[in-house]
Structure formats: C-alpha cells, structure tokens
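In: Give me a model of this one.
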Amino acid sequence: MSAETSVARQEQRGPSRRIAVVTVVVLFVTWLVDYIDRLVITLALPEIGAEFGAGETLQGLVLTSFFVTYALFQIPGGILADSWGAKRTMLVAAAGWSVFTAACGLARGLWSMIVIRAVFGVFQGIFPAASIKAISERTTRAQRMTANGAMSASNPLGSAIAPVVAAPLILALGWRGAFFAAAVLGVLMVLVLWRGLPRRLTPAEAGTADEQDAGLPEQVPPRQALRLLRSSVMWRFTLMFCGFNIIGWGLVSWVPSFLRETKGVSLTGAGLLSGVPWVGAAISMVLGGVIFDRWMRGNHRRVVVPVMLVTAVLLLLMVQADSAVEFVAWETCGTLVMYLAYMQIFGLPLRMLPARYAGVGGGMVNFGGQFAGAISPFVMGALAEAFSYEVAFTFLVVGAVIAIVGALVTPQTPEAFRAALGRHVQESTT
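Out: Have a look, this model is predicted:
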C-alpha cells in the first residue's frame, strides 16, 4: 500500500468515525423515546382495565393488538427504508407513533383503545428496519456490529427507563395524561432525527471493507428487495429471535401488573422494580457482543444453546419466588444471562448482509421478535386469568426451547451464512 493511500485512508477514518458515533447517539435516544411511548401502557393497564371493565385476557388483547401490526410491518418497513430512504421512513414513523401515543389518552372504550394501539403499532413497526438501515449506511462493515450493538442496548435500557418514567406521570396526570406527556417526547424526537442524523457515508469513506457493494445502487427497488424473502436461512434466524423475544416481551408486558396485583407493590415501586432487570440486560447485551466478536464468532450455537438452557432454569426459579424482591432478583439473573445471546441471534445476519439489504434483512429477523410480542402477552393474560400468574410466567420457558431449536438449524459461521444467502443476494442485484 502506497504512502498516499495510507494517508487518504487515515483522513477518511476521521469523518466516518464521527458520523458513526453521532448516528448511534441519535438513534439510541430515539429508541429510548420509542420504548417510553410504547410501554407507558404496561404500568397503566390496571387503571385501564378497571375503567373499561377488562380482565387480564382482554388487557392482554390490548397489548397484542399493538404487537400484531408491529410485527406485520417489520418487513414492509424494511422495503420502505431500502427503496424510499431510511431517514424519511424514520421521520414518518416517529411522527405517526407520537400522534397515536396521544390518541391512546383519548380512548373511550376497550375497542377504541385496541384500534388505536393497532395503528400505533403500524408506525412503530416501520421504524426498526429503517434504523438498522441508517446504521448500515453510516458505518463501515468493521464498525457495523459494534454500532448495532450499541444502538440495540437502548432496547433493554428503554424497558428499564419506561416504567420509571411512566409511574410518576400516571400518578401526577392520570393514565390519559401520561400518554399525552409521552407523545410530547415523540414530537421532540422527530426534530432531533430531522436535524441531528448525519449524512450517509460515501463509498470512499466506507473504505475497502464495503468494496463488494461498490458500483451498486444504494437503494433497492421493492421487487428486488423482496427476493431476500426466499432465503430460508434468514427465516431460521427469525425463528430464533421469536423464541428469544417470547421471553422478553412476556416479562416486559406482565411483570408490572403482577407486582401490583399479586405482590401488593405500589405503582411507583412497581415502576422501579420492573426496570431493574433491564438495566442488567443492557449491560449483558454489550458484553455478549464483545464475547461474540472476540471468542465465539465461529459458532454462535456454543453461546445460544447453553445461555437459553440456563435462562429457562432461572425463569422456573423466578416463578417459585415468594416475595417481589426475590422474583425480581431471579428475573434479573435471567435477563443478564439471556441477553448474552442477543448479538449472536440478531447481529450475525446484519453484519453479513450488504448495506443495501439491511432494511429488509433486519425487518425479517425483527419480525420474529415482534411476532413473539403478539403471542406472549395475550397467551400470558389468558393463562393468568384462567389459572394464575405463576402458570403464565412458566409459559416463557417455551421461548427458550424455540430459541434453542433455531440455533440448531442456523448456519454456524459467517462463511456458511454467506454461502446459504449468496444466491438470493446475487439474484437481487441483477
């Protein structure tokens, strides 16, 4: 390599690093607001249920109405981001979900709340794949796993912050006023995205790690992007993430109500205790990404299978807990262990996919996780009402089993993944 080339690359690293850092910060904060707007309802469910005369099964249906549309719009969101642009897609998503966060505070009955939450899910559903696309456009391939891991850490941290923010809002403003206040955060986030998200990297700034993408269009027509849906290997990662998130969404959705109604914890106390396990999960997610990058890159099965087995055991110990503190302690141990596997499940396909297909690819994998959100809250609500909360939380072990099955049928190395995926990507570029 000549001295001139070396100097040129050094000059490129400066702007590319700054763009990557600013992008991660902006999207991290956006995801935190996303989770606050999304999860206010988990603290407000007992009040909503009491006002609308809805038991746990119907309360679970309110939660599920969001996740059904949220899951269904993951892949359309990826297609929209790949063909229309990530930034424009995210702006529409954030503006739309802010409007319907406020609309939740205007619901006049159970069915109007279900409809509002379903439309809210549409706008939140097109956001995740667009954020993944935005990361891919603003990082080099070498930076991508770290950047996605840092951005994704906002998800469990958002699950920790949301109940802490929601509880005082509900106490001060009532459950309707809490939705109005959360909507204001969403509007502010639209402005931050509009003005704060950096430009995309140029091919020169992206460096030689992305040279296989050189000369190809940055945006992919929807018809070509859809060909990625033929890839069975992508759907196997979808299955694995579905199992993982059956556990995650089940815990996020029902622990606050369980603590309040079964353990006698106050609204504020439930908000604080509900957040503790997700702080640990955020730390664990980052740690798991480091472990994957340094030692386990060649075989994610070695991480996912034992992690999910231990998680299942910890969930069963959680179910047997006598006190709220003991329950949350076991839950925290479970999330700490479980999120060690997050990047092995979600990160490998995103690292290997060309940036042009990050939207659709991310949407496919995330569809599995959000489909789990459509299943878990409703099934758990029905089990809690028909039997007990203990039976409902035992159901989460099913998620661990599904994740293990997914790990056993997915490619175990980047080379195997590329070989399985290559035909579909090549078709999509012709």
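
In: If we go by neighbour counts, what in the host helix or strand of Leu315 is buried?
Out: Element membership for Leu315, per DSSP states H and E: helix 301-319. By 16 or more other CB atoms under 10 Å, the buried positions in helix 301-319 come out as 301, 303-305, 307-308, 310-312, 314-315, 318-319. Bear in mind the C-beta positions are built from the backbone N, C-alpha and C, glycine included.

In: ok, Gly85 to Ile132 distance?
Out: 14 Å (CB to CB, to the nearest Å).

In: Looking at these two, which has the bigger crowd around it?
Out: Higher neighbour count among Gly85 and Ile132: Ile132, with 31 against 19, using other CB atoms under 10 Å.

In: Does that one touch Asn148 like I think?
Out: Yes. If you go by CB atoms under 8 Å, Ile132 and Asn148 touch, sitting 7.0 Å apart.

In: list the contacts for Ile404?
Out: 243, 304-305, 308-309 (CB atoms under 8 Å, 6 or more residues apart in numbering).

In: Lowest pLDDT pick from those?
Out: Here the lowest pLDDT out of these sits on Val304, with 86.

In: what's the distance between that residue and Phe244?
Out: Distance, Val304 to Phe244, using CB to CB: 9 Å.

In: Overlap of the contact sets of those two?
Out: In contact with both Val304 and Phe244: 341, 345, 403, using CB under 8 Å, 6+ apart.

In: So the last one is in contact with Gln344, correct?
Out: It refers to Ala403. No. Applying CB under 8 Å, one finds Ala403 not in contact with Gln344, separated by 10.3 Å.

In: Show me the shaky parts of this protein.
Out: 1-14, 141-142, 144-145, 202-227, 289-300, 347-359, 412-415, 417-418, 420-430 (pLDDT under 70).

In: which helix is the longest one in it?
Out: If you go by DSSP state H, the chain has its longest helix at helix 3-52.

In: Okay, and the residue nearest the centre of the chain sits in which element?
Out: For the chain, the residue nearest the mean C-alpha position is Asn155 (5.7 Å; CA atoms, centre = their mean). If you go by DSSP H and E, Asn155 is part of helix 154-196.

In: Who are the packing partners of that helix?
Out: helix 3-52, helix 86-104, helix 232-261, helix 267-294 (3 or more CB pairs under 8 Å, 6 or more residues apart in numbering; DSSP states H and E).

In: Figure out which of these is closest to Ala178.
Out: helix 3-52 (5.4 Å; CB to CB).

In: what's the offset of the closest one from the middle of its chain?
Out: 11 Å (CA atoms, centre = their mean, to the nearest Å).

In: ditto for stretch 90-103
Out: With CA atoms, centre = their mean as the basis, the mean position of stretch 90-103 lies at 17 Å from the chain mean.

In: Just the buried residues of it, please?
Out: In stretch 90-103, counting by 16+ other CB under 10 Å, buried: 90-98, 100-103.

In: follow-up on the earlier one: need the residues touching each of Ala403 and Gln344.
Out: Val304.

In: these two touch, right, Gly125 and Phe66?
Out: No. Between Gly125 and Phe66 there is no contact under CB under 8 Å: 9.2 Å.

In: what sits against the nearest residue to Lys87 once chain neighbours are set aside?
Out: Leaving aside its sequence neighbours, Lys87 sits nearest to Leu197 (CB to CB, 6 or more residues apart in numbering; 5.8 Å). Counting by CB under 8 Å, 6+ apart, Leu197 makes contact with 22-23, 26-27, 87, 90, 134.

In: Can you name the two of those that sit furthest apart?
Out: Val22 and Met90 (14.8 Å).

In: number of nearby residues for Gly109?
Out: Neighbours of Gly109 (other CB under 10 Å): 12.

In: Return the distance of the closest residue to it other than its chain neighbours relative to Trp175.
Out: Sequence neighbours aside, Phe52 is the residue nearest to Gly109 in space, at 6.0 Å (criterion: CB to CB, 6+ apart). Distance of Phe52 to Trp175, computed by CB to CB: 11 Å.
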